[in-house]
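Q: Got a predicted model here, sequence first, then my questions.
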Amino acid sequence: MQSIISKGKNVKEAITLGLELLNVGSKDVNVEIIQQESKGMFGIGARKAIVKLTVLAQQNDSVSVVNAVDVLEETLTREEKHQQPQMDPGTTLTQEKHEGKVWVKAGRLYCKSSPTQFPTVTLGKGVTLLKNGEPVAGPTVVLSEHDLYKIVLKEDKQETKWHVKMDQLKLKVILQVEPGYQMTRQIPDYAPDEHITLEAEEVKQVVNTLSYGDVMVQLENLRVKQGFIQDNILKAIAATVPSEFEIAVGTRAKDGKDGWFELKVDVDTKKGLQEDDDGKVDFREVQTIPTVQKGQVIAVIHPPIPGEPGVTVTNEPLPPKQTYPVELKLGRGVMVVDDKVVALESGRPKVEQRGQLVRISILEKLFHPKDVDLESGNLRFMGDIEIFGNVKEHMRVEADGDVLVHAAVNFATITSKSAIIVKKTVNSSELSAGKHNILVAECGHMLGILHEQLQQMNAIINDLLKSAAFKHTDISQRGLQPLIKLLLEKRFKSIIPLSKQYVDVVLKGKDYFESDDWREIAVTLKQIFLSLSQQMITLERLKELSERSKRLHEWSKIPVEPEAYITLHSVQNSHLYSSGDITIIGQGCVNTKVHAGGRLNIEGIVRGGEIYGKLGVAINEVGSEMGTRTIVSVPQDQTIRIKKVMEGTILKIGTMKYTINETCYHISAYLNRDGEIAFN
C-alpha cells in the first residue's frame, strides 16, 4: 500500500496537501494523526500538524475506513477544548506527573489542572501576569489550563541626577552626581509544583548619562571662568556611585597681620606671697617690681602687614581681610621716637593691652610709712602705693598701679587697676582689683542684649514705615516717640529696666571708664527711653545707638593683658572683686563674697559666704561641722576641686546645683555630657 507523511499548519491542511500529492480522494486513504499542531505562546514554539496517509486497496473499498473529514472535525473539536499549549513530544515527564501543577520553562508559564487540584502562582516584585491578554490582580493567582497566560517583567529605569553649586565666596564649585541605572529582569525555570512564587532575577546596570558638555554649559551659566579641575570633571562623568567632585577652585586671599606691640623689657610684677621649699611664706619677698631707666627703649611698634588679594572662580578680585595698626595711648613718662616707645623718666612701666589698643606709662610709687587713718586722709595716686601701716575704718585707698599693704585692712575700701596685696587680715572691707575691667565686662554684656533688642525694634519700625497704611506726616511732625512708646509697652518690655540698670552702673563707676563712649550711650538711652524729652527721635538715631552698642559689646569681650589680681593672707566678712586671679594664702576665707575673673585659689578654709572663680576653683577645705551654708560656683565649662568638703556645702556649676550630704575628700566636680554634676 502506498503511504506518505504530510505536514501543515493544522491537521486539515496537512490532509489536503497529502491528498493532492497522492491524487486521490479523502475516501481512498486511511488517515493517522502523528502530531497535533501547536500555536505556542504568541507564536513562540509553534509546531506543525503531521499526518500519515495510506492509500486503501480496491478490495477493501467495502471495508469501513476512517473518513478524513470526520477526523478533521474531531480534531477541530479537540482544538477548541484544548487551547493551552501542549508539552513537547520529547519531554520525559508523564501526563500524570504534571496534573494539578504549574511550571516555567524558557520564560513560558505552563499549567495542568486536575480534578482535585488547581495550580497557583504568587507574583514577585516586578512580575506581571497576563491572563488572556489582561493583567491579573492580586499577588496570588489560581491557574486553569483553559486560559492563556503570559509573564511580563517590569524594567525599571532611573535617569542620572546631577547638580552644580558654588559657595558664597565663589571660591569653590562642587559637582554632585548620582548615576542612573537600567534594571532588567528575567524569570528562571521552575520545576512543576502545585504552587510556585515567580521571583525575577534582577540585573542592575549603572547608566551615567552626564556629559562633559552638560557640565561646561552649567559652569558657563554660573559664569565660572577660571580654576577648572579637568581631571575631576572627567571622573564625575565616569562615576558609577553617588559622588561629589570639586571641579573649579579660586585663590583665597592671604590675610595680612595687624600691627603689633613688641615689649623690650619685662613689665610683669611677679605675684607675691609665694611659699618657700619648707611651705612657709616669706613676706619680704612679696613681689618683684620691674623698672626702667630714663631713655630706655620700652617697646617697638610694628606697622601692619597687608594681605594678598585672591581671585574667585568667576575671575573677580577677592580682597584680603583688613589689617589694623596699633592704637597707642601714651601716659605719663613716655614718648614715641620713630617706631619706639622710650622712657622719659625712671620708674615702673605699666602696659595694658586690649586688642589693638595699648596704654603705656611710667608709674611713680607713693610710700606711706604709717596707718591710713583720719590723720592721713584717703590715699589717691596715679601710680603704685605701698602702705607700711594698717588701713583703718572708713578709709579709702585708690591707685592706678599696685597697692601693697604690709599690715591689716579693717572696714576700709581699696581699689586698684592692677594688683592688691595685703600681708595680714582683711576684715569687713571691700577690695577691687581691675574694677574698671569688671565694669567694662558688665556694661558690655548689657549693651549686647540692648543691641539685639534695638535691632529687632529697628526692623519692625522700618517695615511699618514702608507700609502704605502708615501716615508719614505723623513721623515728620512728631518723630518716632509715639511708635517707640507703643513698642516698649507691647513688645520690648525689657529695654527700659535694662537701660536703667546700665545708666546706674555707668554713673556709679564713671571714674573707671576711660572712654567717653560708655557715658555717651548712657545719655542717649536716658533721652530716648527714660525721659520725657521733646527731642525728635529718628530711625537713623536708633540705628546709630544699636551700632555703637554692638561695637562696645564686642570690644568688652577682648581680654586685657596683663590681668589684675588680689593676693591676701586671710579675709572675713568682706567683698573681694578681681578681673583676674584671687589667691588667699593663710587661714582662709570666712563669710565673704569672692568674685574672681580668673582662677580662685584658697589654701586655707572657706566657711560661709559665696565664692566664684570664672576659670575654676581650687580650695583646701570648705564648710564646717555646724553645716554653715557655703556656695562654691564656677561656669559650666569649669571644674571645682576641693580637698575636703563638709555637709551643707552647695556646689554650683553653670545653672546646676548639688548639695553635699556628707563629708567628702579630694573631689573634682564638673558637668558631664548630660549636663549633670559629676565627680572624679
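A: Sure thing, it's come through. Numbering: from 1, shown residues only.
Q: quick one: low-confidence ranges for the stretch 351-500 of the chain?
A: 468-479 (pLDDT under 70).
Q: So which residues of it form helices?
A: 435-466, 472-478, 481-490, 495-508 (DSSP state H, counting those that start in this stretch).
Q: need these in JSON lines with distance to residue 226 and mean neighbour count, can you?
A: For the C-beta atoms, the positions are set from N, CA and C on the backbone; glycine is no exception. Converted to JSON lines, these look like this (distance: least, CB to CB, whole Å; neighbours: other CB atoms under 10 Å):
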{"stretch": "helix 435-466", "distance to residue 226": "39", "mean neighbour count": "17"}
{"stretch": "helix 472-478", "distance to residue 226": "49", "mean neighbour count": "11"}
{"stretch": "helix 481-490", "distance to residue 226": "50", "mean neighbour count": "14"}
{"stretch": "helix 495-508", "distance to residue 226": "51", "mean neighbour count": "16"}
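Q: Format those helices as CSV; extra columns: distance to residue 54.
A: Listed next are the helices of the stretch 351-500 of the chain as CSV, based on distance: least, CB to CB, whole Å:
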stretch, distance to residue 54
helix 435-466, 107
helix 472-478, 117
helix 481-490, 114
helix 495-508, 119
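Q: Residue 488 reaches residue 496, doesn't it?
A: Yes: judged on CB atoms under 8 Å, residue 488 makes contact with residue 496 at a distance of 6.2 Å.
Q: Touching both of the two, which residues are there?
A: residue 529 (CB atoms under 8 Å, 6 or more residues apart in numbering).
Q: So which of the helices of the stretch 351-500 of the chain is nearest residue 112?
A: helix 435-466 (80.6 Å; CB to CB).
Q: Does the strand of greatest length in the chain pack against any helices or strands, and if so which?
A: In the chain, with assignment by DSSP state E, the single longest strand is strand 581-596. Applying 3 or more CB pairs under 8 Å, 6 or more residues apart in numbering; DSSP states H and E, we find strand 581-596 packed against strand 565-572, strand 575-578, strand 600-613.
Q: Residue 447: which of these is closest?
A: The nearest among the helices and strands packed on strand 581-596, by CB to CB, is strand 575-578 at 20.4 Å.
Q: can you list contacts of the closest one?
A: Outside strand 575-578, the residues that reach it (CB under 8 Å, 6+ apart) are 420, 426, 429-435, 438, 564-566, 568, 582, 592-598.
Q: May I have the strands that pair with that strand, each with its orientation?
A: strand 430-433 (parallel), strand 581-596 (parallel) (DSSP bridges).
Q: Which positions in the longest one come out as buried?
A: When you say that, I think you mean strand 581-596. With burial defined by 16 or more other CB atoms under 10 Å, the residues of strand 581-596 counted as buried are 581-586, 588-596.
Q: in what helix or strand does residue 518 lie?
A: helix 517-529 (DSSP states H and E).
Q: One more: residue 150?
A: Judged by DSSP H and E, residue 150 forms part of strand 149-153.
Q: How about that strand, which residues are buried there?
A: 149, 151, 153.
Q: name the helices or strands packed onto that strand?
A: By 3+ CB pairs under 8 Å, 6+ apart, strand 149-153 packs against strand 108-112, strand 127-131, strand 180-186.
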